[in-house]
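In: here you go, sequence then predicted model.
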Amino acid sequence: MRRITAQRLTVTAALLFVAMAGSLSAEEKERAATASFANVDKQGTTSFQPTTGEKDVPRHFRLQPHTFEFKAAFERKSGDVHVHRVTFPSPVKTAIAVNNTVHGHYFQPEGKGPFPGVVVLHILGGEFALSQMIANSLAQHGVAALFIKMPYYGERRDRKSRRRMISPVPQETAEGMTQAVLDIRRAAAWLGARPEVDSRQLGVNGISLGGIVSALAAAGEPRFRKVAIYLGGGQLAPILWDMNHRDAERLRRDWTAQGKTRADFVKILKPVDPVTWGGRLADRRVLMVNALHDELIPKEATMALWIAIGTQPELVWLDAGHYTAARSIFSEIERLKRFFEAEERGRRASDVKATHCESGAMLSPQRGVSMLAFERGRWESSSTCCYKCRRDEARSSKSMLTRFAAGVAGSGAKRMALGKRATESLPFFKTLTFKDHQESRSYDSRSFLPCLSSSVPDEQNAANTRNTAERHFHRACWST
């Protein structure tokens, strides 16, 4: 059933992407030729110059200064976006010749920029339409996006070879993921060298396997200042080994038959585990979006990565599974647009008008404790919930809320109301609207028990205040 659901969602994404891309009419070709797009050379060279942070990059992810050739060809017009096919050699030479060329598509925004740039990565199954749709949507909103195919995917897969990026042989998996990071570093160099791209505003995004590799690539590429990790995590070697699944059982049987142990298995994959290098992302802006009921990436794997990064990333939980999370694709694209949008430079804090953001938490018997924020004239929740804190678990709920209250208070809360009824804490609301990622719906405020309401003046903007509150919310939830 999960496979059928995943296939249907993938097909839907593919159809939507094709519909968005369309075919070029004669008029569109003429308009495309005269539109305000920076020129993309059909071939050329790109220079890779390490940053000053290269000395801190894990040794197996380092690259020396060099130049590499690339080829590009205009392929189609998708809305206000030009799509170019791009290829360049991988810095790693493998025995599989076709794997040594990186294939991708550059989704180029209209205009001279400078635009922020993002490298977009695909899922484990190798279906590319979903990630290409994300790249196209980002470009439609002024974010230059380069989608690339990772090792042994697409044109890089030799049909006569059984070699794959993720392999039952852990050494092959470590080699494949290391090559992926090095390929992504060249992709970042190519994207950052584009005249319409601001090389100071580069980021990386991926889903599932792409999310895991995004975290790993950010640890290996200091140029990535923003990292969006979807349905990813860390400490996957021990989780894979301990998994109650027939494939994991076969892996353990084959591995131990060679006289090797669990510790040997974990040791081989440790250099390509995002948790190993999570601390390198502490100075980046990181977004982690995960599924509460993920069948593939356990919650412990997600939290291990979040903690390794320093509990600073914005952490969002979708009320979905690994496959059904695709139902939230359109709302998540909106989140990604806001996350990667261009940052205004040269503005002092004193130039930014102070705003006021209300943050809080509410308890319901169905959802547990929900993180709330008062924005755009109403209270909203973004599926950020502590499901283990139900009304019938008073001790757990009280502990969680006390921690949350203390954390938000330390961030500058002016007032708090703990344990009051909704009509007392929020007398100006007869109903409370929860804007989930799937739907919006309102409830009678009397059916909820608001456990915390704090008013936080923000010196920068409401988004920063909300992110701060969400960090305290998740710390409180996972320490309860």
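Out: Alright, I've got the coordinates.

In: make it CA atoms for all contacts and neighbour counts henceforth
Out: Will do.

In: ok, now which ones touch the closest residue in space to residue 207 that isn't next to it in sequence?
Out: Leaving aside its sequence neighbours, residue 207 sits nearest to residue 230 (C-alpha to C-alpha, 6 or more residues apart in numbering; 4.6 Å). With contact set as C-alpha atoms under 8 Å, 6 or more residues apart in numbering, residue 230 has these partners: 205-208, 210-211, 288-290.

In: if we use 6 Å, what do you get?
Out: Contact analysis of residue 230 by C-alpha atoms under 6 Å, 6 or more residues apart in numbering lists 207, 211, 288-289.

In: generate a markdown table for the residues you listed, with distance to residue 90 as supplementary columns.
Out: Putting the contacts of residue 230 into a markdown table (distance: C-alpha to C-alpha, whole Å) gives the following:
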| residue | distance to residue 90 |
| --- | --- |
| 207 | 22 |
| 211 | 21 |
| 288 | 28 |
| 289 | 30 |
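
In: just to revisit the earlier point, gap between the residue nearest to residue 207 and residue 316?
Out: 10 Å (C-alpha to C-alpha, to the nearest Å).

In: got any residues that touch both of those two?
Out: residue 289.

In: quick revisit: which strand residues bridge the residue nearest to residue 207?
Out: For residue 230, the beta-bridge partners under DSSP bridges are residue 207, residue 289.

In: and the pLDDT for it?
Out: At residue 230, the model reports a pLDDT of 96.

In: likewise the one 5 residues further on?
Out: Per-residue pLDDT puts residue 235 at 88.

In: what residues are up against it?
Out: residue 301.

In: and residue 69, helix, strand or coil?
Out: The three-state assignment at residue 69 reads strand, by DSSP: H, G, I helix; E, B strand; the rest coil.

In: that one - how many residues pack around it?
Out: 13 (other C-alpha atoms under 10 Å).

In: contacts only, for the nearest residue to it once chain neighbours are set aside.
Out: The shortest distance from residue 69 to any non-neighbouring residue, by C-alpha to C-alpha, 6+ apart, is to residue 45 (4.3 Å). For residue 45, the contacting residues are 68-70, by C-alpha under 6 Å, 6+ apart.

In: so where's this protein shaky on pLDDT?
Out: Where the chain drops to pLDDT under 70, the residues are 1-35, 244-245, 344-480.

In: break it down into its domains, please.
Out: Residue ranges for the domains of the chain, per automatic domain parsing: 2-235+273-340, 352-478.

In: quick one: list the elements packing against the longest helix along the chain.
Out: The longest helix of the chain (DSSP state H) is helix 170-192. Helix 170-192 sits against no helix or strand, with contacts defined as 3 or more C-alpha pairs under 6 Å, 6 or more residues apart in numbering; DSSP states H and E.

In: what are the buried residues along that helix?
Out: Residues of helix 170-192 classed as buried: 170, 172-192 (neighbour count, 16 or more other C-alpha atoms under 10 Å).

In: how about the CA coordinates for that helix, as PDB?
Out: The C-alpha atoms that make up helix 170-192 are tabulated as PDB, following Å, rounded to 0.1, in the frame of the first residue of the first chain:
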ATOM      1  CA  PRO A 170      28.800  -0.400   3.600                       C
ATOM      2  CA  GLN A 171      32.100   0.400   1.900                       C
ATOM      3  CA  GLU A 172      30.300   1.100  -1.400                       C
ATOM      4  CA  THR A 173      27.700   3.300   0.400                       C
ATOM      5  CA  ALA A 174      30.500   5.300   2.100                       C
ATOM      6  CA  GLU A 175      32.200   5.800  -1.300                       C
ATOM      7  CA  GLY A 176      28.900   6.800  -3.000                       C
ATOM      8  CA  MET A 177      28.000   9.400  -0.400                       C
ATOM      9  CA  THR A 178      31.500  10.800  -0.400                       C
ATOM     10  CA  GLN A 179      31.400  11.200  -4.200                       C
ATOM     11  CA  ALA A 180      28.000  12.800  -3.800                       C
ATOM     12  CA  VAL A 181      29.400  15.500  -1.500                       C
ATOM     13  CA  LEU A 182      32.300  16.200  -3.800                       C
ATOM     14  CA  ASP A 183      29.900  16.500  -6.800                       C
ATOM     15  CA  ILE A 184      27.800  18.900  -4.800                       C
ATOM     16  CA  ARG A 185      30.800  21.000  -4.000                       C
ATOM     17  CA  ARG A 186      31.500  21.400  -7.800                       C
ATOM     18  CA  ALA A 187      27.800  22.200  -8.300                       C
ATOM     19  CA  ALA A 188      28.000  24.900  -5.700                       C
ATOM     20  CA  ALA A 189      31.100  26.400  -7.400                       C
ATOM     21  CA  TRP A 190      29.300  26.400 -10.800                       C
ATOM     22  CA  LEU A 191      26.100  28.000  -9.300                       C
ATOM     23  CA  GLY A 192      28.100  30.500  -7.300                       C
END
